[in-house]
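Student: Sequence first, then the predicted structure, then my questions.
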Amino acid sequence: MESTVVRVATGNAEVVRDITPECSRFAAEQGGDGLLHVFVPHATAGVAILELGAGSDDDLLAALGDLLPADDRWRHAHGSRGHGRSHVMPAMIAPYATLPVLGGRLQLGTWQSVALVDLNVDNPDRQVRLSFLAG
């Protein structure tokens, strides 16, 4: 297995950040067939496979805002208002995804991208671990 860590700056706003280029580059470097495992080692971020750039990323943030409001209802209450929701989010958007790779190319659907989902405005720097298991 080969593995690397990619650093992603998420800034101080909720974000759905496209990490497909980093995933594709790492898969291409490995070449061949296998599985790419994408893992976010943070308690407040997740990985999603979805269409980006056509409003779906904003729709996802809006849906998460409806499901997990940034208010004072959360028992886990430190940092910014509603911070506790960031700790609940990974139960809905897992902190990992596994993708098939054939000939060094991710086998995503036509409109699919790999995204880092981060509601935690208190932590502007993230790490994403990419691991390739050859077939």
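Tutor: Thanks, I have it. Note that the coordinates shown come from a computational prediction; the quantities given were computed from them, not determined experimentally. Residues are numbered from 1 along each chain as shown.

Student: Could you point out the bridge partners of Thr49 in the sheet?
Tutor: Quick fix: residue 49 is Ile, not Thr. Beta-bridge pairing for Ile49 (DSSP bridges): Val114.

Student: isn't it right next to Ala97, touching?
Tutor: Yes - Ile49 lies in contact with Ala97 (CB atoms under 8 Å); the separation is 5.8 Å. The C-beta positions use only the backbone N, C-alpha and C, and glycine is treated the same way.

Student: Overlap in contacts, these two.
Tutor: Common contacts of Ile49 and Ala97 (CB atoms under 8 Å, 6 or more residues apart in numbering): Val114.

Student: These two: who's more crowded?
Tutor: Using other CB atoms under 10 Å as the criterion, Ile49 and Ala97 rank with Ala97 on top: 18 against 14.

Student: quick check: longest strand of this structure.
Tutor: Taking DSSP state E as the criterion, the chain has its longest strand at strand 125-134.

Student: any idea which element the spatially most central residue of the chain lies in?
Tutor: The residue lying closest to the centre of the chain (CA atoms, centre = their mean) is Leu116, at 2.2 Å. Secondary structure from DSSP states H and E places Leu116 in strand 113-118.

Student: what does that strand contact?
Tutor: 8, 10, 14-20, 23, 38, 40, 42, 44-53, 57, 60, 64, 86, 89, 93, 97, 99, 106, 108, 126, 128.

Student: Does Ala27 touch Leu36 like I think?
Tutor: Yes - counting by CB under 8 Å, Leu36 is a contact partner of Ala27 at 5.2 Å.

Student: chain center to the helix or strand bottoming out on mean pLDDT in the chain, what's the gap?
Tutor: Within the chain, no helix or strand scores below helix 83-88, which has a mean of 83 by mean pLDDT, DSSP states H and E. Distance of helix 83-88 from the chain centroid (CA atoms, centre = their mean, to the nearest Å) equals 15 Å.
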